[in-house]
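Enquirer: Build the 3D model from these lines:
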Amino acid sequence: MAQSPNKIIIEHADFLNVNQIEIPDALLLQGNVRINHDGVKMFCNKAYYFQTENYVKAFGDVRMIQGDTLFMNSKYAEYNGNKKQAYATGNVEMRSPEMTLATDTLNFDRVSQQAYYNTNGTITNKDNVLKSKSGRYYANEKKFQFLTAVTITNPKYVVKSNHLDYYNNSGHSYLFGPSTITSKENFIYTEKGFYDSKKNVGHFLRKSYIKYKDRLIEGDSLYYNRNIEFASATNNVKITDTINKGIIKGHYAEVYKKKDSLFVTKRAVAINMVDKDSIYIHGKVLMVTGKPNERIIRAYNNARIFKKDLSGKCDSIHSSQITNITQLIGKPILWNFDNQMTGDVMHLVGNDATQKLDSLKVLNNAFIISKDTLGTGFNQVKGQNLYGKFRDNKLYEADVVKNTEVVYFMRNDAHELIGINKNVSSRINMTMDGNTIDSMTFFTNVDGDIYPEKDLPENARKLRGFIWREDERIKTKDDIFPPEENELNDKIIKESQAEMTKENVPMKVRKETLEYDKNNPADKPVIK
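Expert: Have a look, this model is predicted:
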């Protein structure tokens with residue numbers, strides 16, 4: 001059996017009157033009116049109390065107090081004792097220990113402990129100012145919910161969204177649908193995210209990105225810490241260098257903005273433009289440091305490089321915008337058209353003016369090999385160092401110095417084999433026309449001969465250290481990745497696509513939000 005609602009109690013009024021003509025079935029209360037109903041106290045200058053309906057209309061400096069948690073002021077208010085519902089209008093101000101809400105009209109349901117407004121509200125607390133056309137306040141959860149345009153203004157940033165849940169005690173915001181966070185440092189976009197205004201950290205999950213003046217960070221999942229300007233991204237990560245037009249991709253990245261550095265792994269690749277062509281650099285780990293126009297890219301462990309006319313691999317790569325030098329370190333091998341080059345260290349040198357490859361240095365144990373154009377043999381040149389020049393990204397001239405050796409299949413204009421040149425010298429200069437050696441000049445202490453093909457046995461046609469590694473050649477941009485990283489990439493892409501086909505739903509409320517008051521008890525007042 002349902003319990004009958006308690007009657008509203010009139011605790012005080014300076015004057016009490018009944019006027020059945022003007023206000024039928026109502027008591028007219030005037031002067032210091034004080035009313036009580038189930039723990040809610042109401043104060044006003046004048047009130048009409050409808051006893052039958054258990055209903056009050058209050059006028060002039062109206063104040064309602066619910067325990068020590070909610071306080072409401074307005075010019076006019078109504079209160080239904082049977083439904084425990086309040087309506088207030090005229091400069092309405094609702095306060096709790098954590099916030100103040102100012103609006104023109106407010107409804108408050110004591111049963112559900114919810115207040116809602118549709119008349120442009122402003123919520124102010126210690127950290128933020130929130131403005132919206134409408135909103136709903138859940139008193140028990142200390143949560144505001146906005147389903148129309150809302151703006152949060154903080155000294156450090158501004159949040160805008162059309163669907164936002166804001167918890168006043170913790171300062172936690174849950175964003176849903178197109179939402180932005182704008183600050184002096186960056187611009188954040190998300191369609192599903194979380195932001196903690198006290199700790200200044202955020203987590204963004206759907207179509208999210210962080211845009212700095214010089215970088216754009218994208219990923220399936222983004223974490224951001226404003227205090228130290230740190231961001232991390234997971235799955236389908238793409239970092240665009242908006243100044244240098246470079247792109248870095250992977251499936252995990254960390255960006256340290258104040259240190260001008262970033263770290264990328266899990267199928268990491270740096271893509272930069274060289275003479276309107278993309279050059280790809282891969283390593284299990286990529287590090288990019290330095291200010292714009294002074295970037296340094298480091299690729300570690302099984303590093304690889306690819307351009308449509310040049311590719312290579314080594315233990316690590318160091319590429320600097322300052323020096324315009326890309327170093328291949330640790331067992332490097334490089335392919336340029338039909339030429340295979342090896343040595344202890346390689347330097348690819350760019351030209352600032354033309355934005356093209358300018359020259360090549362192969363230091364210690366330089367060895368260049370190319371297939372004879374018509375036969376089965378190999379043209380070979382080796383020496384201590386090699387210094388090459390590029391024209392239109394093709395190696396067109398090279399000097400090989402110190403202890404040089406050569407095996408060269410000589411052909412006439414009719415492409416007939418004249419003989420095999422095998423000799424040693426102090427230095428060799430060679431020029432290349434297309435993919436073939438056009439000329440070869442030997443300097444100082446030349447010792448050797450041109451042999452008829454029948455007079456030079458097969459085992460003498462290869463220099464010591466000869467290894468033809470065509471099967472290792474990187475022929476496409478996808479060849480720079482090892483199989484296990486391609487498998488990981490396929491798996492992540494498949495999972496991401498499946499996730500994007502699902503209906504977007506608001507983020508689940510975190511445990512740290514639900515237990516905030518429990519884990520952050522308010523300071524107890526000091527009793528003197």
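
Enquirer: what bridges to residue 172?
Expert: residue 167, residue 196 (DSSP bridges).

Enquirer: Hmm, residue 514 and it touching each other?
Expert: No. In this structure, residue 172 is not within contact of residue 514 by C-beta atoms under 8 Å, at 9.8 Å. C-beta coordinates here come from the backbone N, C-alpha and C atoms, glycine included.

Enquirer: between those two, who's got more neighbours?
Expert: residue 172 (22 against 14; other C-beta atoms under 10 Å).

Enquirer: The more buried one and residue 320, how far apart?
Expert: 43 Å (C-beta to C-beta, to the nearest Å).

Enquirer: likewise residue 131?
Expert: Distance of residue 131 to residue 320, given as C-beta to C-beta: 49 Å.

Enquirer: which strands and helices sit next to the helix or strand hosting residue 362?
Expert: Secondary structure assignment for residue 362, by DSSP states H and E: strand 356-371. Packed against strand 356-371 by the contact rule (3 or more C-beta pairs under 8 Å, 6 or more residues apart in numbering; DSSP states H and E) you find strand 339-342, strand 345-351, strand 378-391, strand 394-411.

Enquirer: Buried ones in it, by neighbour count?
Expert: Across strand 356-371, burial judged by 16 or more other C-beta atoms under 10 Å covers 357-363, 366-371.

Enquirer: cool, and stretch 412-419?
Expert: residue 419.

Enquirer: Dump it to CSV, restricted to CA.
Expert: Only the C-alpha atoms of stretch 412-419 are listed here, as CSV (Å, rounded to 0.1, in the frame of the first residue of the first chain):
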residue,chain,number,x,y,z
ASN,A,412,81.9,-2.7,-78.2
ASP,A,413,79.1,-0.6,-79.8
ALA,A,414,77.5,-3.8,-81.1
HIS,A,415,77.4,-5.1,-77.5
GLU,A,416,79.9,-7.8,-78.4
LEU,A,417,82.2,-8.9,-75.6
ILE,A,418,85.7,-7.7,-76.3
GLY,A,419,87.3,-9.1,-73.1
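
Enquirer: hang on, the earlier thing: can you lay out the helices and strands packed on strand 356-371 as TSV showing mean neighbour count and mean pLDDT?
Expert: As requested, the helices and strands packed on strand 356-371 are exported to TSV (neighbours: other C-beta atoms under 10 Å; pLDDT from 0 to 100):
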stretch	mean neighbour count	mean pLDDT
strand 339-342	22	92
strand 345-351	20	91
strand 378-391	21	92
strand 394-411	19	90
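
Enquirer: Which among those is found nearest to residue 186?
Expert: strand 345-351 (30.7 Å; C-beta to C-beta).

Enquirer: Give me the residues contacting the closest one.
Expert: 274, 312, 314, 324-329, 332, 334, 356-364 (C-beta atoms under 8 Å, 6 or more residues apart in numbering).

Enquirer: any idea how far it is from the chain center?
Expert: 31 Å (C-alpha atoms, centre = their mean, to the nearest Å).

Enquirer: That one versus strand 356-371: what angle between them?
Expert: In terms of direction (axes from the mean of the first three to the mean of the last three C-alpha atoms, to 10 degrees), strand 345-351 departs from strand 356-371 by 140 degrees.

Enquirer: Closest to the centroid, which residue in the protein?
Expert: residue 217 (3.3 Å; C-alpha atoms, centre = their mean).

Enquirer: Check the gap between the residue lying closest to residue 38 once chain neighbours are set aside and residue 147 for me.
Expert: What sits nearest to residue 38 in space, not counting adjacent residues and going by C-beta to C-beta, 6 or more residues apart in numbering, is residue 6, at 5.7 Å. Separation of residue 6 from residue 147 (C-beta to C-beta): 34 Å.

Enquirer: Ok, residue 59 next?
Expert: Distance from residue 59 to residue 147, by C-beta to C-beta: 32 Å.

Enquirer: next one: residue 466
Expert: For residue 466 relative to residue 147 (C-beta to C-beta), the value is 73 Å.

Enquirer: Could you point out the longest helix of the protein?
Expert: If you go by DSSP state H, the chain has its longest helix at helix 483-501.

Enquirer: can you list contacts of that one?
Expert: Contacts of helix 483-501 (C-beta under 8 Å, 6+ apart): 220, 235, 236, 251, 266, 267, 478, 481.

Enquirer: tell me how far that helix is from the chain's mean position?
Expert: 18 Å.

Enquirer: can you pull the buried residues of the helix or strand following that helix?
Expert: Later in the chain than helix 483-501, the nearest helix or strand by DSSP H and E is helix 511-514. Using 16+ other C-beta under 10 Å as the test for burial, helix 511-514 gives residue 513.

Enquirer: Stretch 199-209 now?
Expert: In stretch 199-209, counting by 16+ other C-beta under 10 Å, buried: 200, 201, 202, 203, 204, 205, 206, 208, 209.

Enquirer: Present those residues as JSON lines; the columns should include secondary structure and distance to residue 420.
Expert: What follows is those, written out as JSON lines (DSSP: H, G, I helix; E, B strand; the rest coil; distance: C-beta to C-beta, whole Å):
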{"residue": "200", "secondary structure": "coil", "distance to residue 420": "72"}
{"residue": "201", "secondary structure": "strand", "distance to residue 420": "70"}
{"residue": "202", "secondary structure": "strand", "distance to residue 420": "69"}
{"residue": "203", "secondary structure": "strand", "distance to residue 420": "67"}
{"residue": "204", "secondary structure": "strand", "distance to residue 420": "65"}
{"residue": "205", "secondary structure": "coil", "distance to residue 420": "66"}
{"residue": "206", "secondary structure": "coil", "distance to residue 420": "66"}
{"residue": "208", "secondary structure": "strand", "distance to residue 420": "63"}
{"residue": "209", "secondary structure": "strand", "distance to residue 420": "60"}
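
Enquirer: any idea which of these is closest to residue 117?
Expert: Nearest member of the buried residues of stretch 199-209 to residue 117, counting by C-beta to C-beta, is residue 202, at 27.3 Å.

Enquirer: Next up, the contacts around the closest one.
Expert: 181, 188, 193, 194, 195, 196, 222, 223, 224, 226.

Enquirer: And residue 302, by the same measure?
Expert: Here residue 302 is in contact with 283, 284, 313, 315, 482 (C-beta under 8 Å, 6+ apart).

Enquirer: which of the residues you listed are buried?
Expert: For the contacts of residue 302, a neighbour count by 16+ other C-beta under 10 Å gives the buried set as 283, 313.

Enquirer: now the contacts of residue 302 as TSV including secondary structure?
Expert: As requested, the contacts of residue 302 are exported to TSV (DSSP: H, G, I helix; E, B strand; the rest coil):
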residue	secondary structure
283	coil
284	coil
313	strand
315	strand
482	coil
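
Enquirer: okay if I get the contacts of residue 302 as a markdown table plus distance to residue 120 and pLDDT?
Expert: Below are the contacts of residue 302 laid out as a markdown table (distance: C-beta to C-beta, whole Å; pLDDT from 0 to 100):
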| residue | distance to residue 120 | pLDDT |
| --- | --- | --- |
| 283 | 54 | 96 |
| 284 | 55 | 96 |
| 313 | 63 | 95 |
| 315 | 63 | 95 |
| 482 | 58 | 92 |
